[in-house]
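[1] based on what follows, work out the 3D shape:
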Amino acid sequence: MQAFDTLTGIAIPFAQKNVDTDLIIPARFLKTVTRDGLGAGAFAALREDPDNLFDNARNNGAPILIAGDNFGCGSSREHAPWALADLGIRTVIAPSFADIFAGNSFKNGMLLVALPQEQVDRLMEVAAEHEITVDLENQVVTTPFQDRFAFEIDPFRKHCLLNGLDEIGLTTQMEDDIAAYEARLKQERPWAA
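    Numbers count the residues shown, from 1 in each chain. This next block holds a predicted model:
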């Protein structure tokens, strides 16, 4: 998993509330056996409109998505954060997120930033023409206009994201302890080895 520290970039100002995982990646795109290419199906219903935000040249490859309340609701499909990541999105900022989507996003190295609605509105206003910065280490979102919005994050999740640690990465950090346990087990219970 790629480590996350500070990200400055274009943010897509997508104000829609209650965006469910079927809107993020419709079921018809879930026939793949890999994560590659899911971005092409992301927000397919919205992208039918030639003037949509996601295919706007300015937003191409934007790493930040600013969304409305209750982002990622609906089914538990892990394909939703995969599709966002394939679009190039590394951070989603919204007033709130569905729990399962939040867990899936974290496990895939995506930072979700929950901010009050008035701060999200301000970021959408700025994002129309300017880049914004998300600083995980200092837990703050800033704009070129000196806006500074602090956010909370679980310390464990922050540690994992800053260090690029998924579940496998966390486990491999314990290799020496695991090997010592296995050696001790072999000595204490040779019949179990």
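[2] partners of the closest residue to Leu111 other than its chain neighbours in the sheet?
    Counting by Cβ to Cβ, 6 or more residues apart in numbering, Leu111 lies nearest to Thr91, which is 4.6 Å off, once chain neighbours are set aside. In short, each C-beta sits where N, CA and C put it, glycine included. Beta-bridge pairing for Thr91 (DSSP bridges): Ile64, Leu111.
[3] check contacts around Thr91.
    For Thr91, the contacting residues are 7, 63-65, 110-113, 134, by Cβ atoms under 8 Å, 6 or more residues apart in numbering.
[4] closest to Glu182 among the residues you listed?
    Met110 (34.0 Å; Cβ to Cβ).
[5] distance of the closest one from Trp82?
    Separation of Met110 from Trp82 (Cβ to Cβ, to the nearest Å): 10 Å.
[6] same thing with Glu167?
    Counting by Cβ to Cβ, the gap from Glu167 to Trp82 is 16 Å.
[7] any idea how far Ala180 is from Ile153?
    Going from Ile153 to Ala180 by Cβ to Cβ gives 32 Å.
[8] typo on my end, Ile25
    Taken as Cβ to Cβ, the span from Ile25 to Ala180 is 43 Å.
[9] understood, closing this out.
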